[in-house]
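Participant: Following is a predicted model, sequence given first.
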Amino acid sequence: MGLIFAKLWSFFCNQEHKVIIVGLDNAGKTTILYQFLMNEVVHTSPTIGSNVEEIVVKNTHFLMWDIGGQESLRSSWNTYYSNTEFIIFVVDSIDRERLSITKEELYRMLAHEDLRKAAVLIFANKQDMKGCMTAAEISKYLTLSSIKDHPWHIQSCCALTGEGEKLFSVQTTALNHLVDLKNLVCFRQDLMSWCLIAHMVVCFIILYTFYIKG
Ligand SMILES: Nc1nc2c(ncn2[C@@H]2O[C@H](COP(=O)(O)OP(=O)(O)OP(=O)(O)O)[C@@H](O)[C@H]2O)c(=O)[nH]1
Ligand SMILES: [Mg+2]
């Protein structure tokens, strides 16, 4: 029932959602962005600054910011945070050595005030690589189950191996899932606010009737 209301809510509030794609350098962020956009593998070079593209999924507009992940650029990630609704956090599933840095960056980012309300989609990318970690292993190492203040979802993927359509549908399903989740949270918050206001109005009427009027 909640999801039906959430869907109606999102239908009437058809706005643009800001998404940031972050993660360490070489994780596959730019490759994923262009898979989303063009459904094909593009040749990438390390991103200096950011790339921004708009994609539309079932009437929902996403403004996707792909942010360079090199160490020297990470301190400026926070300049992209304001009004962000969704974070796509890309993990290179073969890069075991830097998993602790990945974890540090993830939690530093989630603690930022501007991302308080953001939902997180974690991509365990490069699943085509031999010996890569599974999404479950990454989830365990990153202790994702301890994240209680953000809706999150982890999804394994491979941005490279010609599974564009599959990747695209996986991503859109996951994004829609996050939109539903987020709308549900907003709807509940709004409902609580309206209940509170209604409660105050009723109290005021009772007070007015019994004490002021007579
Ligand atoms: N094997 C494999 N390689 C991938 C995959 N996704 C991306 N790559 C490769 O990984 C390298 C880095 O990809 P990018 O998309 O440029 O990485 P990035 O996260 O944008 O890196 P920065 O811009 O430096 O932050 C490229 O050579 C990609 O072709 C994947 O799923 N599997
Ligand atoms: Mg890039």
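Facilitator: It's in. Bear in mind that the values here come from a model prediction, so they are computed numbers and not experimental data. Residues are numbered from 1 along each chain as shown. Ligands and ions are numbered 1, 2, ... in the order given.
Participant: Parallel or antiparallel, list what pairs with the helix or strand hosting I21.
Facilitator: Element membership of I21, judged by DSSP states H and E, is strand 16-22. Using DSSP bridges, strand 16-22 pairs in its sheet with strand 60-67 (parallel), strand 86-92 (parallel).
Participant: Contacts (any at all) between ligand 2 and the shortest one?
Facilitator: No - no part of strand 86-92 sits close enough to ligand 2 to count as contact by CB under 5 Å from the ion; the gap is at least 9.4 Å. C-beta: built from backbone N, CA, C; applies to glycine.
Participant: next one: the strand holding I21 to chain centre, how far?
Facilitator: 7 Å (CA atoms, centre = their mean, to the nearest Å).
Participant: Which stretches in the chain count as helices?
Facilitator: Along the chain, counting by DSSP state H, helices occupy 2-12, 29-38, 71-74, 99-110, 135-141, 164-207.
Participant: G69: neighbour count?
Facilitator: With neighbours defined by other CB atoms under 10 Å, the count for G69 comes to 24.
Participant: That one and G28 touch, don't they?
Facilitator: No - G69 is beyond contact range of G28, at 9.9 Å (criterion: CB atoms under 8 Å).
Participant: any common contacting residues for these two?
Facilitator: Contact criterion CB atoms under 8 Å, 6 or more residues apart in numbering; residues shared by G69 and G28: none found.
Participant: Next, the contact list for the residue lying closest to G28 once chain neighbours are set aside, please.
Facilitator: Closest residue to G28 apart from its sequence neighbours, by CB to CB, 6 or more residues apart in numbering: N125 at 4.2 Å. N125 makes contacts with 27-28, 32, 90-93, 157-159, as judged by CB under 8 Å, 6+ apart.
Participant: N125 pairs with what?
Facilitator: For N125, the beta-bridge partners are D92 (DSSP bridges).
Participant: picking up where we left off before, what comes into contact with the strand holding I21?
Facilitator: By CB under 8 Å, 6+ apart, the residues outside strand 16-22 that reach it are 29, 32-33, 54, 60-67, 69, 77, 80-81, 83-90, 105, 109, 175, 179.
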